[in-house]
Structures are given as C-alpha cells and as structure tokens.
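Asks: Here's my sequence, what's the structure:
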Amino acid sequence: MALIALACSIGLAVTAYFTRDQLQQLLGQQAGFGVRLDDTIGPLRASVQEVSHQAQLERQRVKSRVEQLAEEQQSLGHRLSVLAALLGRSEQGWGLSEVEYLLRIANHRLLLQRDVKTTKVALLSADARLRELADPQYLSVREQIASELEALQAVPSVDTEGIYASLQAWQKRIDELPIAGSGYQPPDAAGSAPPQARAVTDWRELPALIWASLSELFRLREHEQPIEPMLPPERGYFLRENLRLQLVSAQLALLRDEPVQYRGALDTARGWVSAHFASDSTDAAALVAQLEKLAAINIRPELPEVSASLRLLRQQMQLSEQQTVLPMVPQAPATDPSASAGDKESTEASTP
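Replies: Numbers count the residues shown, from 1 in each chain. Here you go, the predicted model:
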C-alpha cells in the first residue's frame with residue numbers, strides 16, 4: 001500500500017510536472033498569440049476608427065448639403081411664386097399702360113387743341129378699361145375720371161363748324177345786299193302818272209293853273225335822319241370786299257380760338273352793314289341779327305383740368321411696383337468649419 005501510494009504520488013508529481021510544463025507552454029503560446037493578435041487587430045482598429053471618422057465627416061457634409069439644397073429649394077420656390085405673380089400681372093400691366101396712354105391723349109387734346117369731344121371719348125375709354133381690370137386699388141382713379149367727365153359736361157359746346165359755315169354762306173350773299181340810297185326812285189319813276197294838260201276857259205283860272213304846274217315841279221319831304229349821299233360804284237365795291245374780309249377775319253379768329261379778334265371782326269362788320277347798307281332791306285336786317293347772335297357766342301369757354309386722374313394713376317402704379325417683391329439672388333451657403341476641418345483631416349490622413 002505504501003509502495004502503491006508512493007508510486008501514485010510519484011505519478012501524480014510527474015503528471016503535475018508535465019501538466020505544469022504544458023500549461024506554461026500553453027500560457028506562453030497564448031501570450032504570443034495575444035501579441036500577434038494585437039499586432040493584427042491594431043491596424044484594423046485604426047482603419048475602423050479612420051472609417052468611422054470619415055463616415056462622420058461624410059454625414060456632416062451630407063447634412064450641410066441637404067441644408068443648402070433646402071435653402072436653394074426655398075429660394076427657387078420664392079422665385080417661382082414671384083414669377084407667377086408677375087406673369088399674372090402682365091395683362092394688368094398692359095391694361096394700365098393703355099389707360100395711361102388714353103389719359104395722356106385726353107390731356108393733350110384738351111390743352112393743346114381744346115377738343116372737348118375727343119377728351120370725353122378718351123376719358124370714357126380709360127374708365128371702361130379700368131372697369132375691365134376690376135382692381136380695387138384703382139377705384140380712386142375711376143372716381144377722379146368721373147369727376148372730370150362731370151366738369152366737361154358743364155362746358156358749353158361750341159359749334160365751330162356751324163359758325164364757320166354760317167359766315168361762309170353770308171360771304172356769298174354780300175353782293176346781294178343793297179347799299180343805302182341805291183333804291184331811291186323819284187315819284188315819276190315809282191309809277192305816278194304825268195300831269196295832263198288842261199284847257200283854260202277863263203283867265204281867272206290861269207293863276208291856279210300856274211301854281212299847280214309849279215307844285216308839280218317841286219316836292220318837299222321831311223325825314224327824321226339826315227340823308228347821306230349815295231356811295232359811288234367803286235366805293236360800293238370796296239365796301240363789300242372789306243365786309244367780306246371782316247367775315248374772313250372772324251373765321252380765322254374762330255379757328256384760332258381768339259375771342260377778342262372774333263368779336264371785334266363781327267362788331268365791325270355789323271357796324272358797316274348798319275351804316276352803309278339799306279336798313280329796310282330784309283337781307284341786311286337778317287345779316288345784322290346773325291352777326292349779333294354769333295358775336296354773343298363764347299368761342300373759348302373756360303376748360304377744367306383733367307390731369308389729376310393721370311397723376312393719380314401714375315402714383316398708384318408706382319406704389320404697386322414698390323409693393324411687389326422681386327426675386328433675390330440666393331447667396332452662397334456658409335462653409336461648415338467642422339466639414340472643412342474634416343476635409344482637411346481626411347486629406348492629411350490620405351496623404352502618405
């Protein structure tokens with residue numbers, strides 16, 4: 001038993017020795033394997049860290065790019081909205097330009113040519129165009145146009161063509177007017193029968209016969225006004241021509257809108273007709289009445305101002321342009337410092 005126990009002890013000792021030796025070898029191999037594993041995993045770990053850092057930098061660049069794209073998309077949407085608004089207002093812009101042109105025409109025709117009729121037509125056309133646009137911003141302009149139309153309605157109309165035609169017609173009838181004194185005829189020429197000779201049977205009737213004969217030779221008449229001598233034929237011709245020139249002067253003053261010269265020519269012509277032509281003539285009386293009627297016409301009535309609507313339209317158009325927001329050019333996105341640093345680090349890391 002002792003031998004067996006000794007042998008077992010010796011065997012256990014030998015086994016323990018060999019086991020310890022094997023364990024030490026295994027520990028040595030394990031230590032070498034760990035060193036080799038550390039040598040192998042070290043570069044991999046560095047690569048993983050580098051890849052992780054690059055991935056983080058890439059994520060930052062992607063995030064920055066996404067933000068930049070979002071800003072560009074917002075700016076593009078803003079541009080598209082403004083462009084759509086401008087395109088939508090293109091028709092309104094043309095309409096407002098047409099209204100402005102019509103109001104300028106109205107001002108020019110009234111101020112330069114005193115053409116009230118054309119001015120009314122231009123103002124009515126401008127008001128109709130604003131009504132078609134149906135923009136409440138220009139309601140004040142329509143109100144001003146209505147006020148100007150009411151003022152033009154109060155202006156008395158002057159029939160320039162009618163006055164000119166009337167004067168032209170009387171110029172052709174001047175030769176028919178009788179000059180004062182040209183219609184006088186002696187009693188014999190007027191149709192009175194010549195005195196007939198009668199026989200005297202008694203000498204006492206002779207004085208009465210002589211007195212009757214003498215009374216036939218002389219005739220006394222009373223007049224309220226002194227009789228003017230009749231003009232000679234050559235002066236009558238010049239009188240008619242001068243009267244015709246006065247009517248022509250009145251026509252020129254009418255076309256030039258010169259009321260003083262117009263009334264002066266008509267008054268002069270009326271005075272000549274009354275002084276040098278037969279007052280009992282129907283044509284002369286009609287000409288005097290026509291000249292008085294024409295002289296009473298105001299050929300240059302006071303005109304109202306119609307430029308207020310044009311000024312108001314231009315002010316409103318300028319205000320609308322200022323309220324319109326124009327598209328702005330988007331600025332370049334700010335550079336992310338972390339991204340720049342990451343790009344720099346990745347560049348340095350990739351550089352051998």
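Asks: from here on, contacts and neighbour counts on C-alpha atoms
Replies: Noted.
Asks: my read is Arg10 is in a strand, agree?
Replies: Check again: residue 10 is Ile, not Arg. No: looking at Ile10 with DSSP: H, G, I helix; E, B strand; the rest coil, it is helix, so not inside a strand.
Asks: From Ala16, how far off is it?
Replies: Ile10 sits 10 Å away from Ala16, taking C-alpha to C-alpha, to the nearest Å as the criterion.
Asks: same deal with Leu294?
Replies: 156 Å.
Asks: ok, these two, which is more surrounded?
Replies: A count of neighbours by other C-alpha atoms under 10 Å puts Leu294 above the other of Leu294 and Ala16, at 19 against 13.
Asks: Check which helix or strand the more buried one maps to.
Replies: Under the criterion of DSSP states H and E, Leu294 resides in helix 282-295.
Asks: Any chance you could list what contacts that helix?
Replies: The contact list for helix 282-295 (C-alpha atoms under 8 Å, 6 or more residues apart in numbering) reads 163, 170, 176-178, 262-263, 266-267, 269-270, 273-274, 277-279.
Asks: now the residues you listed: which count as buried?
Replies: For the contacts of helix 282-295, a neighbour count by 16 or more other C-alpha atoms under 10 Å gives the buried set as 163, 170, 177-178, 262-263, 266-267, 269-270, 273-274, 277-279.
Asks: Next step: these restricted to strands.
Replies: The members of the buried ones among the contacts of helix 282-295 all map outside strands under DSSP state E.
Asks: just those residues now: which is nearest Leu26?
Replies: When these are compared for distance to Leu26 (C-alpha to C-alpha), Ile163 wins out at 139.6 Å.
Asks: Against Asp175, how distant is the closest one?
Replies: Ile163 is 20 Å from Asp175, by C-alpha to C-alpha.
Asks: again with Ala308
Replies: From Ala308 across to Asp175, the span is 52 Å (C-alpha to C-alpha).
Asks: pull the CA atoms of stretch 242-253 into CSV?
Replies: Only the C-alpha atoms of stretch 242-253 are listed here, as CSV (Å, rounded to 0.1, in the frame of the first residue of the first chain):
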residue,chain,number,x,y,z
ASN,A,242,-64.0,144.9,-96.9
LEU,A,243,-67.1,143.5,-95.3
ARG,A,244,-66.2,140.1,-96.8
LEU,A,245,-62.7,140.4,-95.3
GLN,A,246,-64.1,141.1,-91.9
LEU,A,247,-66.1,137.9,-92.1
VAL,A,248,-63.0,136.0,-93.2
SER,A,249,-61.1,137.5,-90.2
ALA,A,250,-63.9,136.3,-87.9
GLN,A,251,-63.5,132.8,-89.4
LEU,A,252,-59.7,132.8,-88.8
ALA,A,253,-60.2,134.0,-85.2
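Asks: mind showing which ranges of the stretch 1-150 of the chain have poor pLDDT?
Replies: Scanning the stretch 1-150 of the chain with the threshold set as pLDDT under 70 gives 34, 81-91.
Asks: Just the helices from it, written as ranges.
Replies: Assigned by DSSP state H, counting those that start in this stretch, the stretch 1-150 of the chain shows helices spanning 2-88, 90-112, 116-133, 139-153.
Asks: now Asn209, what's its secondary structure?
Replies: To be clear, residue 209 is Leu; Asn isn't right here. Per three-state DSSP, Leu209 ends up helix.
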